[in-house]
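S.K.: give the three-dimensional model of this entry:
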Amino acid sequence: MKSLYLLFLCVLVPAAAHGAPTGPAGMNPAGLACTNCHTTDKPTKENPALAKCPRVEVGAYYSAEKSPKTIRMDEVAGMYGPVDFSHRAHAEMGEMGGGCLSCHHYNQSRPIMKCDECHSASRVRTDLEKPDLKGARHRLCVDCHLKWRRSSECDSCHAKKGGVAAAKSFPKAAVPKRIVYEVNSVKGGFVTFFHGDHTGRFGLKCADCHKQQSCESCHDSVKVARSPSAAKASRAKRVGPMEELHKPCFSCHAKDSCSMCHAARPAEAFVHGKGTGWKLNRFHSRLSCGKCHTAPGAFARLDPDCESCHPGWQKGFEHKKTGLALTAPHDALGCDSCHSDKNFTQPPSCGSCHPDKTYPKDKPGLSVAGGVKR
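M.R.: Numbering: from 1, shown residues only. Presented below is the predicted three-dimensional model:
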């Protein structure tokens, strides 16, 4: 046996030294040269000279949005029918953990390999250390599914042959709108995190903040059933190194003052006019934050002058869209004649021309239908 092993090395090492694209059967399924993984063209058992594995960069080449939405798995025959695997949904969840490598554990920076390229559909095999296709897939799925569904019924994924698969869904996540953290800090003992604003109004994805977390941390059928009110609000205590506690927030708030988050009491919900000094008018209040704050993850103060977002807007603007059609002589005046401070969220000023008139008692035109309601 020892002599056979030495003979094997005598064949393998010279091939690696010449950068041969293939090796012994099953050892190099990617068909790559040895120097793709080794820093030298003469690796040895004692000094394999392994380079940084390119597998970790798979996520840089593939995104969940571009992945297949559903994959039908029907290669293995049995008492159950095929499985329609929701690949894209799992890929999106994978962004919060190990990414593509959570399932595609042997893959180079190349088109993704299918499971059956390494795992045989037959249970009869010589290499017992490598599971067959059915075993490999179940090993990937069962652990997570047991944790958040708390059950292992086969029909949660499969339909019996001749039957119809039931609609599959994850347990509804217990997503709080607001979380009040009690912290041990001289800057303020309470940090109020408005989870609903960050995911809805600010457009953050789960993976932007949640890293290396398991599915059951949000999707747990038992916890959700016991806590139907968890989506409204929750409280928690946070302890640990300051750097770790601030890490999820500092990707956006690193330059903000401590008082932005820390306070002596739980904070109220964000109101644009109160928090920024700029009350949104009836047009802008219906827009998402990203329509005005276009830089991803940045909500810096913007120039309130309409020209900063709508250059040349006054040339074609029809005042009747506001519900008020201007009449002479006001229809020939510039906007700043009435809106002297260019703050169009506030009523116009009449006093500079008409000391005896005020708005809205005295209107510079006629109310018309079709305008946007205040």
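S.K.: which residues of the stretch 201-350 of the chain fall in helices?
M.R.: 206-209, 221-226, 242-253, 272-276, 313-316 (DSSP state H, counting those that start in this stretch).
S.K.: can you say which of the ones you listed is nearest to Asn47?
M.R.: helix 242-253 (37.1 Å; CB to CB). C-beta: built from backbone N, CA, C; applies to glycine.
S.K.: Gln213: what's it in contact with?
M.R.: With contacts defined as CB atoms under 8 Å, 6 or more residues apart in numbering, Gln213 is in contact with Met96, Gly97.
S.K.: same deal with Lys237?
M.R.: Lys237 neighbours (CB under 8 Å, 6+ apart): Tyr181, Glu182, Val183.
S.K.: ok, of these, which one's closest to Ala332?
M.R.: Closest to Ala332, out of all of the contacts of Lys237 and judged by CB to CB, is Tyr181, at 57.4 Å.
S.K.: any idea what that closest one is bridged to?
M.R.: Taking DSSP bridges as the rule, Tyr181 bridges to Val191, Ala236.
S.K.: average pLDDT for stretch 274-292?
M.R.: Averaged across stretch 274-292, pLDDT comes to 78.
S.K.: distance between that stretch and the chain's centre?
M.R.: Counting by CA atoms, centre = their mean, to the nearest Å, stretch 274-292 is centred 24 Å from the centre of its parent chain.
S.K.: export it to PDB, keeping only CA atoms.
M.R.: The C-alpha atoms that make up stretch 274-292 are tabulated as PDB, following Å, rounded to 0.1, in the frame of the first residue of the first chain:
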ATOM      1  CA  LYS A 274     -39.200  68.300  13.500                       C
ATOM      2  CA  GLY A 275     -35.900  66.400  12.900                       C
ATOM      3  CA  THR A 276     -34.600  68.400  10.000                       C
ATOM      4  CA  GLY A 277     -36.400  71.800  10.200                       C
ATOM      5  CA  TRP A 278     -37.800  71.200   6.700                       C
ATOM      6  CA  LYS A 279     -41.500  70.200   6.700                       C
ATOM      7  CA  LEU A 280     -42.400  68.100   3.700                       C
ATOM      8  CA  ASN A 281     -45.200  69.500   1.600                       C
ATOM      9  CA  ARG A 282     -48.100  67.600   0.200                       C
ATOM     10  CA  PHE A 283     -46.100  66.500  -2.900                       C
ATOM     11  CA  HIS A 284     -42.900  65.300  -1.300                       C
ATOM     12  CA  SER A 285     -44.400  63.600   1.800                       C
ATOM     13  CA  ARG A 286     -45.600  60.800  -0.500                       C
ATOM     14  CA  LEU A 287     -42.100  60.100  -1.900                       C
ATOM     15  CA  SER A 288     -39.600  57.600  -0.500                       C
ATOM     16  CA  CYS A 289     -36.400  59.000   1.000                       C
ATOM     17  CA  GLY A 290     -34.300  57.800  -1.900                       C
ATOM     18  CA  LYS A 291     -36.100  60.000  -4.400                       C
ATOM     19  CA  CYS A 292     -34.300  63.000  -2.800                       C
END
